[in-house]
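> Turn this into a structure:
(one chain, ligands or ions: 1)
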Amino acid sequence: MSEPRIPVDLLIRGAWIVTMDETRRIYRDGALAVIGDRIHAVGPSAEVEARVSAREVIDGSRFVLTPGFVNCHVHITGEPITRGAVPDDTDWEANVMGWLIPTYQAQTPEEERLSARFAALEMLRTGTTCFVEAGTILDLGAVYDGLAETGIRGRIGQWAQDRAFDPAEDQAALTAHAIETLQREVERYSCAGDPLLAAWPALVGHVTATDDLWRAATQLARDHGAGVTAHMSPDPQDPDFFLAATGKRPIAHLAEIGALGPQLSLTHAIFLDMEEVGLLAGTGTHVTHCPMTAMKGAYGASSAGLFPEMAAAGVQIQLGTDGNNNGNAADMMRAMYVTAGLFKDARRDSSLFSAYDVLECATLNGASGAQMGHLIGSLEPGKKADFVAHDRHRPEWTPLLNVVNQLVWSADGRGVHSVWVDGRRLVEDYRATTIDEDEILAEVEAAAPALLARAGKTVPCRWPVL
Ligand SMILES: [Zn+2]
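Coordinates of the predicted model:
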């Protein structure tokens, strides 16, 4: 007597499957079965097929399946709808203070909603199924509502900073307001029950948060099963400030006030010393590397960054694409490519950040940093059905000899054919299923000049545009 077949909702058979499971198994004729929002089985096609009876069967011979990518640092408002406005020859000060801050401040809630949906479209179309917002959302309610319709998984947060830079400001009132805001939003969009979308205490970071705000954010994250995200040390300004104010470098100071730990993801983390690297490794603090931003913004990740040392020390490095004016694309496959190459070249050492390593950064490490290691990051029974079907019928995927090399060094997000999140197909045959692509492209094209005009910015071009 043969075992009765288990009814499943979806069976994809005959595909290459890069599982990222414990032993990193790769199937060249694999099948993946889904029940509801979860993966039921992954294995050789013949074995899985014999055990299930599927409501829908997809021939996967055209596909390479991977876990969905986790983008751990992306600004989903402000920049997606002004992508590319900022010239690439502006320094950090001109970029952030001259361009980005005025643009963020000029946004309406409706523009933030549009921008968030547009960011979701770009991420889904390039294989990102889960993201962590970078901490610069002004109207969290509008963004949440806009994203909820898209089906993407993510963690978002209200813009939070409290340091009084002007002595006339009331520091205690600023801190109380920031903590109240974080608390309200984390309770309103709770992580409890692992919903697709929830709020984190997201700090702008750098030097903008007082110790009290850091401590409150850390406690809120621990109480609510959330994480904390913050920018830190993309250039020497943050270490200089902390040294002057506290006598310690930023990571050493954060260690002293109890803010480090596996709940925290620090983005950029370029200007560190080896003591700080040791503190990050020892506390399980995550570091989000945004290689495209570092390159475009001339941060010095390749010359000053200690990323190879962090990886060797055991720091879990995850990847982010940052803002659409800092790297300009939210394609995690591009971020993987740049990460794989940056330190090989800078250090003249080809052993650094192999294709295997960077795929771990974009999947498993990202899932862990997003506080969702138990849910996503690999294709295994019981995990959420968040996965990507890359299209093999393209020049960059042919011939298919080493699938991991191919994924990181040859392919990019434009070869993403289909994407599932929570068992739901959100991209099918290169088109989003939950977002009207023609409509949103037209809306963004119209919104960009209006927003930039309100921010008082005109987009320069060195050459005549006729
Ligand atoms: Zn950022």
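> dump the residue contacts of the nearest residue to N95 once chain neighbours are set aside.
In space, N95 comes closest to V86 once its chain neighbours are excluded; the distance is 5.7 Å by C-beta to C-beta, 6 or more residues apart in numbering. In this view, the C-beta of every residue, glycine as well, is placed from N, C-alpha and C. By C-beta atoms under 8 Å, 6 or more residues apart in numbering, V86 lies in contact with N95, W99, L100, N325, N326.
> per-residue confidence for V86?
We have a pLDDT of 93 for V86.
> how far away is it from the ion?
Separation of V86 from the ion (C-beta to the ion, to the nearest Å): 13 Å.
> That residue in helix, strand or coil?
Look at V86: counting by DSSP: H, G, I helix; E, B strand; the rest coil, its state is coil.
> Backbone dihedrals for it, both of them.
Reported as degrees, to the nearest 10, the phi and psi values for V86 are phi -80, psi 120.
> and it, how far is that from N325?
As judged by C-beta to C-beta, to the nearest Å, V86 and N325 stand 4 Å apart.
> joint contacts of those two?
Common neighbours of V86 and N325 (C-beta under 8 Å, 6+ apart) are N95, W99, L100.
> Among the residues you listed, which one lies nearest to the ion?
Using C-beta to the ion, L100 is the member of these that sits closest to the ion, with 9.3 Å.
> Quick check, that closest one in contact with G78.
Yes: at 6.9 Å, L100 and G78 qualify as touching, with contact defined as C-beta atoms under 8 Å.
> Mind listing the shared neighbours of the two?
Joint contacts of L100 and G78 (C-beta under 8 Å, 6+ apart) are G323.
> what's the first-to-last distance across stretch 341-353?
The first residue of stretch 341-353 is 8 Å away from its last residue (C-alpha to C-alpha, to the nearest Å).
> higher neighbour count, L100 and G78?
Using other C-beta atoms under 10 Å, the more surrounded residue of L100 and G78 is G78, with 26 against 22.
> isn't there a helix covering the more buried one?
No: G78 is assigned coil when assessed by three-state DSSP, not a helix.
> Would you mind measuring from the residue nearest to A41 when sequence neighbours are not counted to F387?
Spatial nearest neighbour of A41, chain neighbours left out: A33 (4.4 Å); criterion: C-beta to C-beta, 6+ apart. For A33, the distance to F387 equals 12 Å [C-beta to C-beta].
> And A259, by the same measure?
A259 is 34 Å from F387, where distance means C-beta to C-beta.
> Out of those two, name the residue with the larger neighbour count.
Neighbour count, other C-beta under 10 Å: between A259 and F387, F387 has more, with 29 against 26.
> I'd assumed F63 was in contact with the more buried one.
No: using C-beta under 8 Å, F387 is not in contact with F63, being 9.9 Å away.
> Enumerate the residues of the chain near the ion.
Applying C-beta under 5 Å from the ion, we find that the chain lies next to the ion at A134, D322.
> Low-confidence regions, the chain specifically.
Applying pLDDT under 70 to the chain flags the ranges 1-2.
> Mark out where each domain of it begins and ends.
Listed domain ranges for the chain are 6-67+378-432, 69-369 (source: automatic domain parsing).
> How about the contacts made by P7?
By C-beta under 8 Å, 6+ apart, the contact set of P7 is I35, V52, S53, A54, R55.
> One more pass at 10 Å, please.
Residues near P7 by C-beta atoms under 10 Å, 6 or more residues apart in numbering: A33, I35, H40, V52, S53, A54, R55.
> now do P80
74, 114-123, 323-325, 330, 444, 448.
> C191 and R222 touch, don't they?
No: in this structure, C191 is not within contact of R222 by C-beta atoms under 10 Å, at 11.5 Å.
> still on that earlier bit, so which of the domains of the chain is the most packed in?
Stretch with highest mean neighbour count among the domains of the chain: domain 69-369 (a mean of 21; mean count of other C-beta atoms under 10 Å).
> how long is that one from one end to the other?
12 Å.
> wait, what's in contact with whichever residue of the stretch 251-400 of the chain sits closest to the ion?
Nearest residue of the stretch 251-400 of the chain to the ion, counting by C-beta to the ion: D322, 4.6 Å away. If a contact means C-beta under 10 Å, 6+ apart, then D322 has 71, 73-75, 79, 134, 231, 234, 267-268, 288, 290-294, 296-297, 328-330, 335 as its contacts.
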